[in-house]
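Novice: Okay, structure incoming, though there's no sequence with it:
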Ligand SMILES: Nc1ncnc2c1ncn2[C@@H]1O[C@H](COP(=O)(O)OP(=O)(O)OP(=O)(O)O)[C@@H](O)[C@H]1O
């Protein structure tokens with residue numbers, strides 16, 4: 001590749017390569033960070049304003065052009081004010097190392113989760129647990145009920161205990177802790193999904209279609225345990241297979 005670039009008479013050093021890779025990676029992580037959050041609509045809004053700004057210049061609408069110019073002139077400040085919460089979160093994630101790498105879920109978290117899932121399967125208690133990985137689940141967590149506690153079998157059983165306020169919706173595990181409960185997930189759509197699957201299972205498929213999260217479902221009707229990864233669901237997993245799937249997907 002370097003020979004090819006040399007033949008084009010372009011000065012391309014290894015520093016340029018490192019520069020491009022780093023900038024691409026930072027943009028990729030930023031896109032993952034804001035995906036599915038309110039920040040996306042704000043960015044669309046800002047793009048729209050930019051288009052109106054350039055069009056007003058082209059079509060000679062000078063007052064509008066001047067007005068938007070004043071606003072967009074301080075865009076850096078506007079972005080900081082609009083995204084102050086997200087910027088704070090991104091910086092603290094970066095400090096904690098989460099910005100650069102995918103979280104590994106500890107063995108003890110998987111063990112507690114499996115114990116709770118098996119117990120809920122036996123008692124036919126419906127449950128939906130999502131384990132966040134590198135795609136931040138943004139607004140989904142924020143719209144649920146914040147918990148921030150260690151993952152324990154007893155806490156999971158308490159959350160999903162029938163007819164309690166938090167038993168509906170999903171629990172989100174982030175950084176090896178229960179971040180929130182009662183979270184509403186996007187449903188999987190389309191013909192490819194089995195008609196026999198209800199909304200709990202479709203929600204598990206939906207969230208894993210939109211992100212790299214892993215979702216586990218306990219069926220209230222059948223007591224079966226299913227795992228969804230990448231929009232695909234594997235149903236009726238018994239203890240050994242369930243543990244194997246979770247360990248191989250999460251503990252790497
Ligand atoms: N979008 C969603 N996000 C999170 N949880 C959801 C969502 N939709 C449904 N649920 C949960 O699923 C429950 C309803 O499950 P439903 O019986 O429709 O699905 P199912 O896949 O057939 O599950 P089950 O086999 O347990 O009956 C709701 O009470 C709620 O707790």
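Specialist: Nice, I can see it. Just so it is clear, the structure is predicted and the values come from calculations on it, not from any experiment.
Novice: Going by C-alpha atoms from here, please, whenever you check contacts or count neighbours.
Specialist: Noted.
Novice: now residue 233, which residues is it bridged with?
Specialist: Per DSSP bridges, the residues bridged to residue 233 are residue 228.
Novice: how close does it sit to the ligand?
Specialist: 11 Å (C-alpha to the nearest ligand atom, to the nearest Å).
Novice: Do I have it right that that residue meets residue 227?
Specialist: Yes. Between residue 233 and residue 227 a contact is recorded at 5.6 Å, counting by C-alpha atoms under 8 Å.
Novice: Compare those two (neighbour count), which wins?
Specialist: Ranked by neighbour count (other C-alpha atoms under 10 Å), residue 233 and residue 227 place residue 227 first, with 25 against 20.
Novice: Can you name the residues that contact that one?
Specialist: Contacts for residue 227 (C-alpha atoms under 8 Å, 6 or more residues apart in numbering) come out as 214-217, 233-235, 237, 242.
Novice: Which of those residues fall in strands?
Specialist: Within the contacts of residue 227, residues falling in strands by DSSP state E are 214-217, 233-234.
Novice: Of those, keep whichever come out buried.
Specialist: 214-217, 233 (16 or more other C-alpha atoms under 10 Å).
Novice: Report the helix or strand with the lowest average pLDDT across this structure.
Specialist: Sorting the helices and strands of the chain by mean pLDDT, DSSP states H and E puts helix 2-7 at the bottom, at a mean of 56.
Novice: How far off centre is stretch 21-40?
Specialist: 11 Å (C-alpha atoms, centre = their mean, to the nearest Å).
Novice: average model confidence for it?
Specialist: For stretch 21-40, mean pLDDT is 77.
Novice: Check stretch 45-60 too.
Specialist: 91.
Novice: ok now that stretch, how far from the chain's centre?
Specialist: 32 Å.
Novice: got the buried residues for that stretch?
Specialist: 46, 49, 53, 56-57.
Novice: and what of stretch 113-128?
Specialist: With burial defined by 16+ other C-alpha under 10 Å, the residues of stretch 113-128 counted as buried are 113-121, 124-128.
Novice: Out of those residues, the closest to the ligand would be?
Specialist: The nearest member of those to the ligand, counting by C-alpha to the nearest ligand atom, is residue 126 at 4.6 Å.
Novice: tell me the pLDDT at the closest one?
Specialist: Residue 126 is given a pLDDT of 96.
Novice: Please look at it and residue 219 and confirm they touch.
Specialist: Yes. Shown here, residue 126 and residue 219 form a contact pair, counting by C-alpha under 8 Å, at 5.1 Å.
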